[in-house]
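[1] Output the structure for:
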Amino acid sequence: MSKRVSILNVPFDNLSKKEALDRVEHFIHLNTIHRSVYPANTDTLIKADEDEAFKKILQEGDMILADGSPVVWASRYLRNPLKQKVSGSTLFYRLCRLSAEKGYRIFLLGSGPGVAEKAKNKLTKKYPKLNITGTYSPSYPFMDNKDELKHVIKLLKKSKSHILFVGLGNPKQEQFIARYKDDYEIPVSISIGGTLNFVAGKKIMPPEWIKDLGFAWFFRLIQEPKRLWRRYMVEDTRIVSLIRNEKKKNKQSK
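    Numbering: from 1, shown residues only. Coordinates of the predicted model:
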């Protein structure tokens, strides 16, 4: 078990990219236990601060990863530094490559109509040996539709996959995994946000060097200013005051 770093009462696993990959592979081999992996960014932290039920889901996750440089910067400011960011998209591609090499089966759940299937086509061209057992793009909110929910769980269970990637946006994707992972019985479930949109080519993925500099958010803002300006320029700025308050509390408790 890795050391965990608490940021706003969300316990992040202090892992490198390679260590995170190795941990997921370890989870695959413990196939009688169904594990949850949640990459979490500043938006996730803000939502968890506002929603105790969502925070509890994250706290009970088997692995929480720093999905973005701002999370790592926050850990340094709190003087409990994480090793490095491990974004959901980076983990996704590394696991696809590993799965192609070792024969692990994966399932893609999420995004809009046809997106998961298009992502599958792109991935199988990139990794010819990758076994994608199925794709499904649900309606919204499909968890309120008993018939569709039952169909999805049956589809996942029948697939006998090793890894399920869930791209429903937070907190829906984490809620789905937490509630139903023991019903569909896939060893590892990983929340990946909008990654399938990038894989399918519907949106442009920020280059790795931009991600490493911590400016992936700015790259996305330029692409979708109308949709993202409020999130990045208004809502997500709350993280600064939340982290400052946490540092004050930490000082007072010493």
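[2] okay, CA-based contacts and neighbour counts for the rest of this
    Fine.
[3] what sits against Gly193?
    Gly193 makes contact with Gly88, Val166, Gly167, Leu168, Gly169, Asn170, Gln173, according to CA atoms under 8 Å, 6 or more residues apart in numbering.
[4] Dump those residues into JSON lines; add distance to Tyr136 as well.
    Below are the contacts of Gly193 laid out as JSON lines (distance: CA to CA, whole Å):
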{"residue": "Gly88", "distance to Tyr136": "19"}
{"residue": "Val166", "distance to Tyr136": "10"}
{"residue": "Gly167", "distance to Tyr136": "10"}
{"residue": "Leu168", "distance to Tyr136": "11"}
{"residue": "Gly169", "distance to Tyr136": "15"}
{"residue": "Asn170", "distance to Tyr136": "18"}
{"residue": "Gln173", "distance to Tyr136": "14"}
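[5] from those, which is closest to Lys118?
    Using CA to CA, Gly167 is the member of the contacts of Gly193 that lies nearest Lys118, at 14.0 Å.
[6] and the closest one, what does it touch?
    Gly167 neighbours (CA under 8 Å, 6+ apart): Leu108, Leu109, Gly110, Ser111, Gln173, Ser191, Ile192, Gly193, Gly194, Thr195, Leu196.
[7] Asn170 now?
    Neighbouring residues of Asn170 by CA under 8 Å, 6+ apart: Thr44, Gly193.
[8] The contacts of Gly193 into CSV, with extra columns for secondary structure and pLDDT?
    Formatted as CSV, those follow (DSSP: H, G, I helix; E, B strand; the rest coil; pLDDT from 0 to 100):
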residue, secondary structure, pLDDT
Gly88, helix, 94
Val166, strand, 98
Gly167, strand, 96
Leu168, coil, 94
Gly169, coil, 91
Asn170, coil, 92
Gln173, helix, 97
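[9] Are any of these buried, and if so which?
    Among the contacts of Gly193, those buried by neighbour count (16 or more other CA atoms under 10 Å) are Gly88, Val166, Gly167, Leu168, Gly169, Asn170, Gln173.
[10] Many thanks, have a good one.
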